[in-house]
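Novice: Model the following, please.
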Amino acid sequence: MGIRLVLFDAGGTLTKVLPEREERIQKACLYFNLNPVPDSVTARLGLQTIERFFIGAIQEGRMIDRETIREGVKLMLATMKVYGRLDDPALLWDFVETQYETEIPMDGSLETLDTLKNRGYKIAIASNATPNYERVLSDLGIVERVDAVFLSDVVGYAKPDPRFFHFILEQMKAVPEETVHVGNSYWHDIVGAKRVGILPIYFDRRNILPDSDCPRIAHLSELPSLLEQLKLG
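Specialist: Below is the predicted model:
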């Protein structure tokens, strides 16, 4: 069977928020009086470190709970050689995850959606989000380029729950063997898709996991040719 349906995560995959995470790490260090405030290269290294730590924890069967986040932040700060007092290191990661100002289309996302549409693929968004997020995606020109939008708070289940993906497959009249799911979260997207037999494609623009256990792209523009390769394979 060839690939007929392409599912996309939204936030972090089809869209990105500004300022980017590296800058938010810098701002967090400044906010919590940690020194020295890392430059952008060091902040990228710290981000890679904590993301790889989280993925390793998931692969070991651990939950990403507050204690795991504390461990990850401590490792990230040590890697960046940033020091200072933090009563609760998890609060720094909360800052990084929430302190952004605007959301824009990911580089190449609109062009990639147009290309896939022109090649005859069915396209749907599969995102953990509230109902009003569809308006955000519409304002960014994304909704008009896809066939359906599935948001967790509407469906009633969230990634990586298999029921979320099963619902989408039923609604799209598709089967796992003809479906791929593209996303940037190892836990929500890669693990979630695997649980139902959907081929995951890891969107890894920050080179977090170069040896990933599934197909991987660093830029969305790589996706059409990858799908063609999968079709031939």
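Novice: top helix in the chain by residue count?
Specialist: helix 40-59 (DSSP state H).
Novice: so after that one, what's the next helix or strand?
Specialist: Counting by DSSP states H and E, the element after helix 40-59 in chain order, helix or strand, is helix 66-80.
Novice: neighbouring contacts of that next one?
Specialist: Around helix 66-80, the neighbours that count as contacts under C-beta atoms under 8 Å, 6 or more residues apart in numbering are 25, 34, 38, 42-43, 45-47, 49-50, 53-54, 57, 62, 83, 86, 88-90, 92-93. No exception for glycine: its C-beta is placed from N, CA and C like everyone else's.
Novice: Let me see the contact set for the residue nearest the centre of the chain.
Specialist: Centroid-nearest residue in the chain: Asn184, 2.5 Å away (criterion: C-alpha atoms, centre = their mean). Going by C-beta under 8 Å, 6+ apart, Asn184 touches Asp9, Gly12, Thr13, Tyr202, Phe203, Asp204, Arg205.
Novice: thinking again about what came up before, what is the mean pLDDT for the longest helix of the chain?
Specialist: Per-residue pLDDT over helix 40-59 has a mean of 97.
Novice: So what touches it?
Specialist: Taking C-beta under 8 Å, 6+ apart as the rule, helix 40-59 contacts 21-23, 25-26, 38, 64, 68, 71-73, 75-77, 79-82, 93, 186-187, 191, 206-209.
Novice: Return the member of the contacts of Asn184 nearest to Ser127.
Specialist: For the contacts of Asn184, the closest approach to Ser127 (C-beta to C-beta) belongs to Asp9, at 5.9 Å.
Novice: element containing Lys159?
Specialist: Counting by DSSP H and E, Lys159 is part of no helix or strand.
Novice: so it makes contact with Ala126?
Specialist: Yes - counting by C-beta atoms under 8 Å, Ala126 is a contact partner of Lys159 at 6.9 Å.
Novice: Comparing the two, which shows the higher neighbour count?
Specialist: Counted by other C-beta atoms under 10 Å, Lys159 and Ala126 do not tie: Ala126 has more neighbours, with 29 against 24.
Novice: a strand runs through the more buried one, doesn't it?
Specialist: Yes - assessed with DSSP: H, G, I helix; E, B strand; the rest coil, Ala126 lies in a strand.
Novice: Who is the nearest residue to it once chain neighbours are set aside paired with across the strands?
Specialist: Spatial nearest neighbour of Ala126, chain neighbours left out: Leu7 (4.5 Å); criterion: C-beta to C-beta, 6 or more residues apart in numbering. Note on Leu7: beta-bridge partners Ala124, His181, judged by DSSP bridges.
Novice: Leu7 against His181, yeah?
Specialist: Yes - Leu7 lies in contact with His181 (C-beta under 8 Å); the separation is 4.2 Å.
Novice: okay, and the common contacts of those two?
Specialist: With C-beta under 8 Å, 6+ apart as the test, Leu7 and His181 both reach Ala126, Phe165, Ala193, Ile198.
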